[in-house]
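Asks: Kindly generate the corresponding structure for this input.
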Amino acid sequence: TAPITPEQALTGLMALEGCTIHAALAVGEEHEAGRIAPGYRADLTALTVDPVTAPADDVAAAPVRLTMSGGHVTHRG
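Replies: Numbering: from 1, shown residues only. From the prediction side, this is the model:
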């Protein structure tokens, strides 16, 4: 397999959408998961960097500030 070139890379927004909206859609949960909105499950992870604008290496190494599952805090960093 040929190496991935920079023009083939995902943007930060594309990667975030892949882990949220598109993942929920893939498993048929787009009406209850995949976004932060009233009536949704409130599964989320808050990082110390903006995953849309930060370099990929910074996102991978960023400490987790908060994790919620089903609207309940499961980790506070």
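Asks: element containing His75, please.
Replies: When elements are assigned from DSSP states H and E, His75 belongs to strand 72-76.
Asks: Parallel or antiparallel, list what pairs with that strand.
Replies: strand 64-69 (antiparallel) (DSSP bridges).
Asks: Whichever helix in the chain runs longest - what's its average pLDDT?
Replies: Secondary structure of the chain read by DSSP state H shows that its longest helix is helix 12-19. Averaging pLDDT along helix 12-19 gives 95.
Asks: all helices for the chain, in order.
Replies: Using DSSP H, the helices found in the chain span residues 12-19, 21-26, 56-61.
Asks: Mind checking those helices for the one nearest to Ile36?
Replies: The minimum distance between Ile36 and those falls on helix 21-26, with 10.9 Å, by Cβ to Cβ. Just so you know, the C-beta spots here come from the backbone N, C-alpha and C atoms, and that holds for glycine as well.
Asks: still on that earlier bit, who's in contact with the strand holding His75?
Replies: 64-68 (Cβ atoms under 8 Å, 6 or more residues apart in numbering).
Asks: ok now that strand, how far from the chain's centre?
Replies: 16 Å (Cα atoms, centre = their mean, to the nearest Å).
Asks: Could you do stretch 22-33 as well?
Replies: That offset, for stretch 22-33, works out to 13 Å (Cα atoms, centre = their mean).
Asks: Could I get the buried residue list for it?
Replies: 24, 33 (16 or more other Cβ atoms under 10 Å).
Asks: Quick one: end-to-end length of it, please.
Replies: The separation between the terminal residues of stretch 22-33, taken as Cα to Cα, to the nearest Å, is 10 Å.
Asks: Same check on stretch 49-69?
Replies: 20 Å.
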